[in-house]
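> When you get a sec, could you give me coordinates for this:
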Amino acid sequence: MDIKLPLAVLLIAAGAIGLVVPNPGDDRLERAHDGASARTAQTNSDPEPRAALVQQPAVTWAEEVVLDREMDGHFYADVEIEGQSYRMMVDTGASVVALTEQDALNMGMTWFEEDIAPIARGASGPVNGVSATISHMAVGYHEAENVRAIIITDGGSISLLGQSFLSTLDNVQIAGDRMVLGN
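I've put the predicted structure just below:
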């Protein structure tokens, strides 16, 4: 059974914001006020050097991660980014990882005020922010590189672990009050 739709309905019913973002292949964001393209925020770390003849996989997986449903009805994961742990709400209805402004700043991401533009649509209307790329992130032993994200600059109390990361997993299942992430 595909859990994406029931979980999305559960999250929306519980008050989570569902996000709809621009086409993933479009690196440009149209600004409402001047039509210029926005810059992309990135973490300040240099990519690891890779040998020319050895290709490293972008995703590795050693075991399952089991998340228990919390009292508010949601699932939360501890996500490691740039050596720090961030608590994120798992949102299978979010197209991309959505970072709070504070989490993005703590990760070392920077952006210009003029880059902030409507980039998504939430339950209450347009959501302002900037496009970003997370160079490396991990949940348990599962790692992903160059994960597409957005930084929500006008509110939000918790970052969302969306499909740009979840789709790198082979398996996301809910059984009762547990969510299992794995292959």
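> Could you name the helices and strands sitting against the strand ranked longest in the chain?
The residue-count maximum for a strand in the chain (DSSP state E) belongs to strand 125-139. Packing partners of strand 125-139 (3 or more Cβ pairs under 8 Å, 6 or more residues apart in numbering; DSSP states H and E): strand 41-42, strand 76-81, strand 97-100, strand 117-122, strand 142-152. Where you see a C-beta, it was placed from the backbone N, CA and C, and this is true even at glycine.
> buried stuff in that strand?
For strand 125-139, burial by neighbour count (16 or more other Cβ atoms under 10 Å) applies to 127-139.
> so which of these comes closest to residue 74?
Residue 74 has its nearest neighbour among these in residue 139, at 15.3 Å by Cβ to Cβ.
> Kindly provide the distance from the nearest residue to residue 137 once chain neighbours are set aside to residue 106.
Excluding the flanking residues, the one nearest residue 137 by Cβ to Cβ, 6 or more residues apart in numbering is residue 81, at 4.8 Å. Applying Cβ to Cβ, to the nearest Å, the value for residue 81 to residue 106 is 9 Å.
> neighbour-wise, which of these two wins?
Neighbours around residue 81 and residue 106, counted as other Cβ atoms under 10 Å, are more numerous at residue 81. The numbers are 26 against 14.
> quick one: the more buried one and residue 139 touch, right?
No: using Cβ atoms under 8 Å, residue 81 is not in contact with residue 139, being 10.3 Å away.
> Which of the helices and strands packed on strand 125-139 has the highest mean neighbour count?
strand 97-100 (a mean of 27; mean count of other Cβ atoms under 10 Å).
> buried set for the helix or strand following that one?
Sequence-wise, the next helix or strand downstream of strand 97-100 (DSSP states H and E) is helix 101-106. Buried positions in helix 101-106, judged by neighbour count with 16+ other Cβ under 10 Å: 101, 103-104.
> which one among the buried residues of strand 125-139 gets closest to residue 76?
residue 139 (10.8 Å).
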